[in-house]
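Engineer: below is the sequence, then the predicted model.
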Amino acid sequence: MHHPVHPAATETLKRLFSSVGALVLTLLLATGLSGCVSSGLPAASASPWQPVDIHTKSNPLDLAFSDSRHGFLVGSNRLILETSDGGASWQERALDLPEEENFRLISIDFSGDEGWIVGQPGLLLHSNDAGQSWSRLFLDTKLPGEPYLITALGRNSAELATNVGAVYRTGDGGNSWQAEVEDAAGAVRDLRRSPEGRYVSVSSLGNFFATWNPGDAVWTPHQRVSSQRLQAMGFQPEGGLWMLARGAQVRFNGDASNSDDWSKPVIPITNGYGYLDMTWDPNGALWLGGGSGTLLVSQDGGKSWQKDPVGSEQPTNFSRISFLPDGKGFILGERGSLLRWVG
């Protein structure tokens, strides 16, 4: 027998079906979207990294060791920490600097007991006793740019690069500096040095990069490879370059003698966060660090990637991955985040 359906009941059914439809559509959209955002990478079963509490919210920016156990970490807000156990624990230290100046300690390096720190604004520190004491050296005010990168080269010798790509060298403990290159590269967002003394810089806008080799009179500018702006560049273990660009793109320079020879882009994961640094670990695996705990590893030269389970738990942007010649490794992140390589 046919019963007429009450109009109110019809309206209720319509609302029910439209809300179920909306729910199904929402689920479909969510599934579809999550499928193309970050879900494609498996997590590694274990991590070679261990978080280290350094009891600060300042940003660690660089670290260096005077021997296998003893070293320093430097960063924003005058941050300087010391370790005597290979980086497993760190203690705060103080530098004798004017209280009113908030220095950003940006680069540190050691050659045995001789250490150097540079910072901004205009800071250069030198130590002859493995960092027990630091003396401030005053830089020539005509020096173009702010100190950006210091490399210890042996007794009383160091190389200083500034954030406009000026390169200077001292052989007398920092009392005098000689220019190594005639012109500056222009304002840079990233500047790296190879162990042999070659440099690569990324312009402040990320719209081109430049290279400099020892003995060159000037920097050589290079156009970027795609429309994506450059974020960072550095040197592969065998001497070629690598680059990180916006849009989570990674490229490798195939021919170390030709800085314009580049691979197709590798895009490991598109989760909306850019990559900030990349390097190789002592076993030859490739590591990528970036925004919002992004830490990826590839065991096959960039063909396939996994997410590191410890990295993804850290509420930070990983800005620097550093492996030292003796195999120690650290990842530096914003707001006092530090990971230590335990292999």
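Structural biologist: Noted; the coordinates are in hand. From a predicted model like this one, the values you see are computed outputs, not experimental measurements. Numbering: from 1, shown residues only.

Engineer: is Ser111 in contact with Gly154, as I believe?
Structural biologist: Yes - using C-beta atoms under 8 Å, Ser111 is in contact with Gly154, at 5.4 Å. In short, each C-beta sits where N, CA and C put it, glycine included.

Engineer: which of these two has more residues huddled nearby?
Structural biologist: Between Ser111 and Gly154, Ser111 has the larger neighbour count (other C-beta atoms under 10 Å), namely 17 against 10.

Engineer: can you pull the contacts of that one?
Structural biologist: Ala152, Leu153, Gly154, Arg155, Ser157 (C-beta atoms under 8 Å, 6 or more residues apart in numbering).

Engineer: put the buried members of the residues you listed into a ChimeraX selection.
Structural biologist: Here is the ChimeraX command that selects the buried residues among the contacts of Ser111 (16 or more other C-beta atoms under 10 Å):
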select :152,153,157
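
Engineer: take the contacts of Ser111 and keep only those in helices.
Structural biologist: Among the contacts of Ser111, DSSP state H puts none in helices.

Engineer: and for the closest residue in space to Gln228 that isn't next to it in sequence, the neighbour number?
Structural biologist: Among residues not flanking Gln228 along the chain, Ala245 sits closest, at 4.0 Å (C-beta to C-beta, 6 or more residues apart in numbering). By other C-beta under 10 Å, the residues close to Ala245 number 24.

Engineer: ok, now the one 5 residues further on?
Structural biologist: Counted with other C-beta under 10 Å, the neighbours of Val250 add up to 21.

Engineer: measure it to Trp287 for me?
Structural biologist: 11 Å (C-beta to C-beta, to the nearest Å).

Engineer: also Pro147?
Structural biologist: 27 Å.

Engineer: ditto for Arg93
Structural biologist: Taken as C-beta to C-beta, the span from Arg93 to Trp287 is 29 Å.

Engineer: so the two - more neighbours on which side?
Structural biologist: Using other C-beta under 10 Å as the criterion, Arg93 and Trp287 rank with Trp287 on top: 23 against 15.

Engineer: just checking, next helix/strand downstream of the helix or strand containing that one?
Structural biologist: Element membership for Trp287 (DSSP states H and E) is strand 286-290. Per DSSP H and E, the first helix or strand lying C-terminal to strand 286-290 is strand 295-298.

Engineer: tell me the strands beside that following strand, with direction?
Structural biologist: Paired neighbours of strand 295-298 in the sheet (DSSP bridges): strand 286-290 (antiparallel), strand 306-307 (antiparallel).

Engineer: quick one: the nearest residue to Gly290 once chain neighbours are set aside from Arg246, how far?
Structural biologist: Using C-beta to C-beta, 6+ apart and skipping residues adjacent in sequence, the residue nearest Gly290 is Tyr275, 4.0 Å away. Distance of Tyr275 to Arg246, given as C-beta to C-beta: 9 Å.

Engineer: and if you look at Arg136?
Structural biologist: Distance, Arg136 to Arg246, by C-beta to C-beta: 38 Å.

Engineer: residue ranges in the chain under the pLDDT threshold?
Structural biologist: Within the chain, the stretches with pLDDT under 70 are 1-39.

Engineer: ok, Val218 - how many residues close by?
Structural biologist: For Val218, the count of nearby residues is 12 (other C-beta under 10 Å).

Engineer: so what's the residue nearest to Gly290 up against?
Structural biologist: Per C-beta under 8 Å, 6+ apart, neighbours of Tyr275: Gln231, Ala232, Leu244, Ala248, Val250, Leu288, Gly289, Gly290, Thr294.

Engineer: re earlier: surely the residue nearest to Gln228 touches Met233?
Structural biologist: No - Ala245 lies out of contact with Met233 (C-beta under 8 Å); the separation is 9.4 Å.

Engineer: and the strands in the stretch 201-343 of the chain?
Structural biologist: Taking DSSP state E, counting those that start in this stretch, the strands of the stretch 201-343 of the chain run over residues 208-212, 220-223, 230-235, 241-245, 249-252, 275-280, 286-290, 295-298, 306-307, 318-323, 329-333, 337-341.
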